[in-house]
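Student: Give me a model of this one.
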Amino acid sequence: MKVLACIPARYGSTRFPGKVLAESTGKFLIQHTFEQVSLAKLPDEVIIAADDRKIVDAAVSFGAKCV
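Tutor: Numbers count the residues shown, from 1 in each chain. The predicted model follows:
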């Protein structure tokens with residue numbers, strides 16, 4: 001059995017639109033999340049579920065798979 005970790009990433013946040021693409025320490029916030037989840041032993045694959053092309057482009061830039 002293959003274990004998949006799916007990180008939901010929504011661009012249109014009410015209080016902080018685009019928060020997942022805000023940069024912290026030179027990386028997107030979604031990149032920090034992706035890297036931490038990728039360190040876990042259980043998931044065989046980590047993907048990001050995005051609702052906006054900007055998130056997909058950012059995710060691809062740091063090597064993540066996106067749907």
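Student: Output stretch 22-35 in PDB with nothing but the alpha carbons.
Tutor: Extracted in PDB, the C-alpha atoms of stretch 22-35 (Å, rounded to 0.1, in the frame of the first residue of the first chain):
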ATOM      1  CA  ALA A  22       4.300  34.700   1.500                       C
ATOM      2  CA  GLU A  23       8.000  34.400   2.000                       C
ATOM      3  CA  SER A  24       9.700  33.600   5.200                       C
ATOM      4  CA  THR A  25      13.500  33.100   5.500                       C
ATOM      5  CA  GLY A  26      13.700  33.200   1.700                       C
ATOM      6  CA  LYS A  27      11.100  30.400   1.100                       C
ATOM      7  CA  PHE A  28       7.400  30.300   0.500                       C
ATOM      8  CA  LEU A  29       5.300  29.300   3.500                       C
ATOM      9  CA  ILE A  30       4.000  26.400   1.500                       C
ATOM     10  CA  GLN A  31       7.600  25.300   0.800                       C
ATOM     11  CA  HIS A  32       8.300  25.100   4.500                       C
ATOM     12  CA  THR A  33       5.200  23.000   5.000                       C
ATOM     13  CA  PHE A  34       6.100  20.700   2.100                       C
ATOM     14  CA  GLU A  35       9.700  20.200   3.300                       C
END
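Student: which residues are in contact with that stretch?
Tutor: For stretch 22-35, contacts defined as CB atoms under 8 Å, 6 or more residues apart in numbering pick out 7, 9, 16, 19-21, 46, 48, 55, 58-59, 62, 64. Any C-beta I mention is one placed from the backbone N, CA and C, and that applies to glycine too.
Student: Now that stretch: average pLDDT?
Tutor: On average, the pLDDT along stretch 22-35 is 97.
Student: Name the next helix or strand downstream of the helix or strand bottoming out on mean pLDDT in the chain, please.
Tutor: In the chain, the helix or strand scored least confidently by mean pLDDT, DSSP states H and E is strand 23-24, which has a mean of 92. Going down the chain from strand 23-24, the next helix or strand is strand 27-28, by DSSP states H and E.
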